[in-house]
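show me the folded form of this:
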Amino acid sequence: MNGSKLPRSSLFGRKDFLEVYRQAKDFIIRYKLLRICRFSEENGLKRLTICNLWRIDREEDGVLHTFEFDLHKAEWLETEDLRNWPAIPFAPIGKNTLSLSWGLYLCRDTLQAALCAAGADSLPDEGENGVPSWVRQAIFRKYLGGDAWSRKSTKSIKSMG
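Down below sits the predicted model:
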């Protein structure tokens, strides 16, 4: 043998788990979903982008626009429905936000969105939050490490796209 590994053909003994895992991983890497926050300002437009999934634009006259990124279409879609948005303490960070656990929950929500867009909620044998627990565990361990995948989240995203 020349020392090269054969490509993996299944995840936890199932090809459908591997397909969802690979698609979710592709979304995470291609769209840089774990880039927590970016802020830009150009021609009076202020833009805050969170995990490359959620965006807030503020025009010079103060009008706000909110957008969600559609992972399948690779485009920003304007929305007024913020129910699936993560809970982020914008300011002030202090007395009520001494913990930085909100960052972990933000990453979890982002990974959950990638899994749902990859088709995880269509797989059989659903686990916690509607995502097959083995696929969810594999993605969360890869990107968050240790047992972070099993910690209780403050909410879950069922579908984003």
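
for the residue sitting nearest the centre point of the chain, which non-adjacent residue is spatially closest?
In the chain, the residue lying closest to the centroid (CA atoms, centre = their mean) is residue 110, at 1.4 Å. Excluding its sequence neighbours, the residue lying closest to residue 110 (CB to CB, 6 or more residues apart in numbering) is residue 51, at 4.4 Å. Quick note: C-beta positions are derived from backbone N, CA and C, even for glycine.

residue contacts, the one you found?
Counting by CB atoms under 8 Å, 6 or more residues apart in numbering, residue 51 touches 33-37, 86, 106-107, 109-110.

any idea how far it is from residue 15?
The gap separating residue 51 from residue 15 is 29 Å, by CB to CB, to the nearest Å.

got it, and residue 82?
Taking CB to CB, one finds residue 82 at 37 Å from residue 15.

now do the buried residues in the lowest-mean-pLDDT helix or strand in the chain.
Lowest by mean pLDDT, DSSP states H and E among the helices and strands of the chain is helix 133-144, with a mean of 84. For helix 133-144, the neighbour count (16 or more other CB atoms under 10 Å) marks 134-140, 143-144 as buried.

same check on stretch 105-121?
In stretch 105-121, counting by 16+ other CB under 10 Å, buried: 105-118, 120-121.

show me how far it is from its chain's centre.
5 Å (CA atoms, centre = their mean, to the nearest Å).

do stretch 22-39 as well
Taking mean C-alpha positions (CA atoms, centre = their mean), stretch 22-39 and its chain are 7 Å apart.

could you pull up phi and psi at the residue nearest to residue 110?
phi 50, psi 30 (degrees, to the nearest 10).
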